[in-house]
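In: Sequence and computational prediction follow.
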Amino acid sequence: MEGKNSQLQQRKDDALPRGTGNLCQWYVEQAENATLRDVEGNSWIDFAGGIAVLNTGHRHPRIVQAIAHQLEKFTHTAFQVTPYESYVALAERINQRVPIAGKAKTAFFSTGAEAVENAVKVARAATRRHGIITFGNAFHGRTFMTMAMTGKVAPYKRDFGPMPASVFHARYPNSVSGISIDDALASLDDIFTQDIAPQDVAAIVLEPVQGEGGFHIAPAEFFTRLRALADRHGILLIADEVQTGFGRTGKLFAMEHYAVKADLITMAKSLAGGMPLSAVSGRAEIMDAPGPGGLGGTYAGNPLSIAAAHAVLDVIDEEKLCERSAQLGAQLNTFLQQARAHNSAITDVRALGSMVAVEFSDAQSAQTLQQQAMQRGLLLLTCGPQGNVIRFLYPLTIPDAQFRQALDILGSLLSQPQA
Ligand SMILES: Cc1ncc(COP(=O)(O)O)c(C=O)c1O
């Protein structure tokens, strides 16, 4: 008699197209804070967090309560038809906290890709220009525009072309690959001489820390010089904080680590603790560029998701999750630096708060660690252009003892050769 997991996997293979891949061959039945349990009663420490969605953990009681309370009132109206106060109040709360110069305004959507798409719409409407510059190894989503903006072909773009026009890729600074800040800025100049005049470029879009691309952190000097370059040419700067937001880097937004500000910021994932919600915040005069009805969507700012996001902001403040993110990240960083000293397959360790990654010399080492960790009850995700990086996206609410348990598992695996 086959186990429930393999039966489910067979049903999945039969009913779903193969393009919908799944990392784990086990199916979730229950989740609580940093623990996932499958249909066969096995459990895992969740260091994937639903891909950076669960900074406040699975089913935080405050968030569950907020959703339940909203369920008693209404679940959907379509904000653009019949508005509700909670949407406006959440925009007000985010406007107060988001690192944008001057008055900010915020609009809500459902997915990260949708937020990025709308940031591009706003930037084009505000500048009356069409060009969009993004970076190599960036990930911005799976819709057509965000797929074009993504700087990785397989598996995201292959077979799906042609891509929308007017999207150009510059080089993101990367000390491991030897791309200096000067190299990165020079690649923008190349775009201006080879592809598009700077006065036709609406926006430069970048992740302050590349997520899918391998947790590369934009150097402070790069951001300062990029801001100056953008200002010189009247180009808007959009920070894609879909993965970096809501405490992951030790601040509510990663842009708080930088001296300069973006004109627009996209956010999603941990914004609503597992409920689908995304947002674009930006300088009020820019956000007001599209005319009435130009922004929206049937489900944009769903009331249940908005209620969850209010609770997420409360939990981040009350449980001091930004401080905890910095503290857990520092602990993991020290641990990985020590592991690096006696594991020659480790080539780099990167951390900004709890946005922590360990890079290996080859993809096989990272995948072996991922598989061995999975067998030992620890769920890890890879990233990076070659899949040779392990990224850590544990809930910031994880109990200390469980965090240490995860480090013990990692420690025992990293002290063995990976391949
Ligand atoms: C930086 C960044 N932007 C955009 C997206 C797309 O978000 P979604 O999958 O919710 O559309 C992601 C998703 O991983 C992301 O990491």
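Out: Everything's here; your move. Numbers count the residues shown, from 1 in each chain.

In: make it CA atoms for all contacts and neighbour counts henceforth
Out: Noted.

In: Now the longest helix along the chain: buried residues?
Out: Among the segments of the chain that qualify as a helix by DSSP state H, the longest is helix 321-341. Of all the residues in helix 321-341, those buried under the rule 16 or more other C-alpha atoms under 10 Å are 321-333, 336-337, 339-340.

In: Tell me who's in contact with Val98.
Out: By C-alpha atoms under 8 Å, 6 or more residues apart in numbering, the contact set of Val98 is 104, 253, 281.

In: tally of neighbours for the residue of the stretch 301-419 of the chain found nearest the ligand?
Out: Nearest to the ligand in the stretch 301-419 of the chain, going by C-alpha to the nearest ligand atom, is Cys383, at a distance of 10.6 Å. Neighbours of Cys383 under the rule other C-alpha atoms under 10 Å: 21.

In: wait, it sits on Lys152?
Out: No - Cys383 is beyond contact range of Lys152, at 11.6 Å (criterion: C-alpha atoms under 8 Å).

In: re earlier: quick check: next helix or strand after the longest helix of the chain?
Out: Counting by DSSP states H and E, the element after helix 321-341 in chain order, helix or strand, is strand 346-352.

In: For that following strand, buried residues please.
Out: Going by neighbour count (16+ other C-alpha under 10 Å), the buried part of strand 346-352 is 346, 348-352.

In: Can you tell me the strand partners of it and which way each runs?
Out: Paired strands of strand 346-352, with direction, are strand 355-360 (antiparallel) (DSSP bridges).

In: gap between the partner strand and the chain center?
Out: Centroid separation between strand 355-360 and its chain, computed with C-alpha atoms, centre = their mean, to the nearest Å, is 15 Å.

In: Repeat that for stretch 233-247.
Out: Chain-centre distance of stretch 233-247: 11 Å, with C-alpha atoms, centre = their mean.

In: That stretch close to the ligand?
Out: Yes - remark: stretch 233-247 sits within contact range of the ligand at 240-243, by C-alpha under 6 Å from any ligand atom.

In: Name the residues of that stretch that are buried.
Out: 234-247.

In: Tell me which of those fall in helices.
Out: Per DSSP H, these never map to helices.

In: now the end-to-end length of stretch 391-401.
Out: In stretch 391-401, first residue to last residue: 20 Å (C-alpha to C-alpha, to the nearest Å).

In: which parts of that stretch are buried?
Out: Buried, per 16+ other C-alpha under 10 Å, within stretch 391-401: 391-398.

In: so Ser43 touches Gln375, yeah?
Out: No - look at Ser43 against Gln375 with C-alpha under 8 Å: they stay out of range, at 10.5 Å.

In: Looking at the two, which is more packed in?
Out: Ser43 (19 against 11).

In: who touches the more buried one in this structure?
Out: Ser43 neighbours (C-alpha under 8 Å, 6+ apart): 35-37, 377.
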